[in-house]
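J.: model the following, please.
(one chain, ligands or ions: 1)
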Amino acid sequence: MTNPLPAWSALRTHYEQIRDEKLRDWFAPANDPAPTRAERFTYAGGGLAADFSKNRITDATLKLLVQLAHEAGVEARRDAMFKGEVVNPTEGRAALHTALRATEANAPFHAQILAERAKMAKFADAVRSGAWTGYTGKRIRHVVNIGIGGSDLGPKMVVHALQHLELPEITSHFVSNVDGADLWRTIENIDPEETLAIIVSKTFTTLETMTNARSMRDWFVKHGCPENALAKHFVGVSANPAEVVKFGIAKENVFEMWDWVGGRYSLWSAVGLSIMIAIGPQQFDELLAGAHDMDKHFREAPLEKNLPVLLGMIGIWYRNFFGSQSYLVAPYSEALHYLPSYLQQLEMESNGKSARLDGTFADYATSAITWGEPGTNGQHAFFQMLHQGTTIVPIDFIAVLTPEHPLADHHPKLLANCFAQSEALMLGRTEEEARKIAGPDKPELVPHIMFPGNRPTTTLLVEALTARSLGALIALYEHKVLVQASVWDINPFDQWGVELGKVLGKVVEADLNAASADVKAHDSSTAALIARARAALKR
Ligand code: F6P
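T.: Next up, the predicted model:
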């Protein structure tokens with residue numbers, strides 16, 4: 001695998017020099033008597049801190065990684081994005097999620113953004129106070145966000161994370177899957193007279209969302225809501241307002257986003273309406289402020305002290321030099337339950353590509369597989385493999401230092417587990433140590449209780465999970481993705497890879513419903529699957 005940048009080849013050589021060195025030795029008093037390693041590799045920005053010291057890096061590694069970031073033009077790509085240049089050339093668009101949280105009056109589209117946010121706030125306040133009612137005059141108690149991908153994962157993740165700030169009178173629900181079970185399980189036990197549906201789709205053509213939106217409308221009507229009163233129960237969020245109106249949503253109930261906001265970067269826009277209703281406009285502003293803190297840090301901090309740059313470049317170190325296939329995000333926070341799935345879309349839909357900006361194909365690895373689960377749950381499921389498996393999986397641990405709940409004695413246990421895991425992964429257990437534990441009677445146990453150690457982890461520290469710190473955390477990962485895209489020389493803002501499946505999905509759907517003579521030719525596997533389904537569906 002090659003990349004033409006000089007720092008890339010220097011990193012190759014450097015990798016050969018340090019690949020067999022042990023983190024355990026780098027931390028040992030003999031090599032780090034003061035000690036300084038933790039301090040040297042801990043950085044802060046946007047109100048967050050990151051301890052990178054348990055990574056397989058030395059000062060020289062970081063220097064070379066930062067040099068690679070410079071050579072790859074990270075700063076130019078970053079500045080072009082903030083300025084609103086066309087950084088998504090295959091769709092001819094800017095990517096201005098940062099403008100959505102900018103406070104500077106000269107930021108791109110500032111007046112337009114503020115006007116739409118004011119409209120959102122007015123509506124959210126009316127729903128929260130009970131001034132906005134359903135068609136029978138009852139207050140809204142259930143908000144159902146119907147959307148998928150970026151129109152679902154961000155709002156769902158944030159509302160869950162900030163549940164402690166949620167208005168108790170309103171329950172938020174998120175429906176995304178075209179599997180009818182998703183919508184049905186949500187609506188079967190709620191009162192339509194107290195329900196508000198927010199249909200969120202940038203394009204307003206997405207199969208899953210439109211199918212769920214139509215079924216939701218039928219449900220309201222079936223339960224007695226007159227067609228001309230549906231406006232009390234339906235609002236739409238889209239960059240395609242004409243299509244929303246065509247669907248039957250009143251024009252004044254349409255909240256706009258714009259083509260320069262990518263779906264997976266859109267929770268800061270009107271796509272976040274369900275967030276604003278749940279936590280209120282003030283807290284929504286805090287979320288934006290936290291992201292803006294991280295934006296400022298990303299723009300202003302030198303690359304060698306820049307959190308998104310360091311996180312991104314250390315990811316490159318493992319992906320492209322150690323050959324790691326995946327990386328794990330383990331938030332030690334139940335509130336951040338949905339962060340890993342949110343990051344899966346952010347990272348893999350952005351950087352899971354091989355075409356480079358000039359149209360040639362990369363012959364080096366791009367996006368790692370992103371996965372994760374909250375700790376401590378993961379420890380009792382897949383951590384076995386992380387400790388003793390044959391594959392190295394770099395990990396981002398996320399620790400929230402102050403709990404948001406009153407069960408005080410849980411928190412030291414939670415944090416202890418988080419810190420102990422990274423310590424164990426780093427230290428491992430040598431053969432000698434294992435022998436002592438096995439004792440003279442059980443020497444056969446030794447290989448089973450040895451741990452290779454040297455498994456790299458980063459620990460991100462969040463003081464408390466507030467709207468502001470969450471905003472900063474999300475923006476940190478957004479910018480990390482841009483940093484990696486710059487080095488891989490790919491466009492992180494398009495997603496052509498989802499198209500083929502959508503096109504073929506329509507053909508197969510037609511075939512599932514068609515008269516048998518009209519079923520199209522497919523390969524033998526697909527044809528057999530269609531035949532089985534047609535029989536089950538009694539076509
Ligand atoms: O199919 C992928 C995708 O286009 C995502 O990029 C997007 O977030 C999601 O579908 C939903 O799209 P929309 O908001 O247009 O319904």
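
J.: how much space between N253 and P281?
T.: Distance, N253 to P281, by CB to CB, to the nearest Å: 18 Å. From N, CA and C alone the C-beta is placed, and that goes for glycine too.

J.: contacts only, for the most centrally placed residue in the chain.
T.: For the chain, the residue lying nearest the average C-alpha position, counting by CA atoms, centre = their mean, turns out to be L343 (2.2 Å). Neighbouring residues of L343 by CB atoms under 8 Å, 6 or more residues apart in numbering: 329, 370, 372, 477.

J.: could you find the closest non-adjacent residue to the second one?
T.: Spatial nearest neighbour of T370, chain neighbours left out: E347 (4.4 Å); criterion: CB to CB, 6 or more residues apart in numbering.

J.: give me the number of residues near the one you found?
T.: When counting by other CB atoms under 10 Å, one arrives at 24 neighbours for E347.

J.: show me the contacts for it.
T.: The neighbours of E347, taking CB under 8 Å, 6+ apart as the test, are 367-368, 370, 477, 481.

J.: any low-confidence regions in the stretch 351-500 of the chain?
T.: Along the stretch 351-500 of the chain, no part satisfies pLDDT under 70.

J.: residue of the stretch 251-400 of the chain closest to the ligand, please.
T.: Distances between the stretch 251-400 of the chain and the ligand by CB to the nearest ligand atom are smallest at G263, namely 2.8 Å.

J.: right, and that residue touches I148 too?
T.: No. G263 lies out of contact with I148 (CB atoms under 8 Å); the separation is 9.2 Å.

J.: now do the contacts for the nearest residue to F52 once chain neighbours are set aside.
T.: Distances taken as CB to CB, 6+ apart place F41 nearest to F52, at 4.4 Å, with adjacent residues excluded. By CB under 8 Å, 6+ apart, the residues touching F41 are 51-53, 55, 57, 62.

J.: on that earlier part again, residues near the residue of the stretch 251-400 of the chain closest to the ligand, how many?
T.: Neighbours of G263 (other CB under 10 Å): 26.

J.: next step: the contacts of F41 restricted to helices.
T.: Taking DSSP state H as the definition of helices, the contacts of F41 contribute L62.

J.: ok, the contacts of F41 vs A107, which is closest?
T.: Minimum distance to A107 across those is 31.0 Å, recorded for F52 (CB to CB).

J.: got a list of what the closest one touches?
T.: Counted by CB under 8 Å, 6+ apart, F52 has contacts 41-43, 310, 314, 458.

J.: and those residues as a markdown table, adding secondary structure and distance to the ligand?
T.: A markdown table is the format used below for the contacts of F52 (DSSP: H, G, I helix; E, B strand; the rest coil; distance: CB to the nearest ligand atom, whole Å):
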| residue | secondary structure | distance to the ligand |
| --- | --- | --- |
| F41 | coil | 35 |
| T42 | strand | 34 |
| Y43 | strand | 31 |
| L310 | helix | 27 |
| I314 | helix | 27 |
| T458 | strand | 27 |
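
J.: next secondary structure element downstream of the helix or strand encompassing Q112?
T.: Following DSSP states H and E, one finds Q112 within helix 110-129. Next along the chain after helix 110-129, taking DSSP H and E as the criterion, comes strand 142-146.

J.: for the contacts of L343, give me JSON lines that also has secondary structure, neighbour count and distance to V159.
T.: Below are these laid out as JSON lines (DSSP: H, G, I helix; E, B strand; the rest coil; neighbours: other CB atoms under 10 Å; distance: CB to CB, whole Å):
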{"residue": "V329", "secondary structure": "strand", "neighbour count": "23", "distance to V159": "19"}
{"residue": "T370", "secondary structure": "strand", "neighbour count": "23", "distance to V159": "21"}
{"residue": "G372", "secondary structure": "strand", "neighbour count": "23", "distance to V159": "19"}
{"residue": "Y477", "secondary structure": "helix", "neighbour count": "21", "distance to V159": "18"}
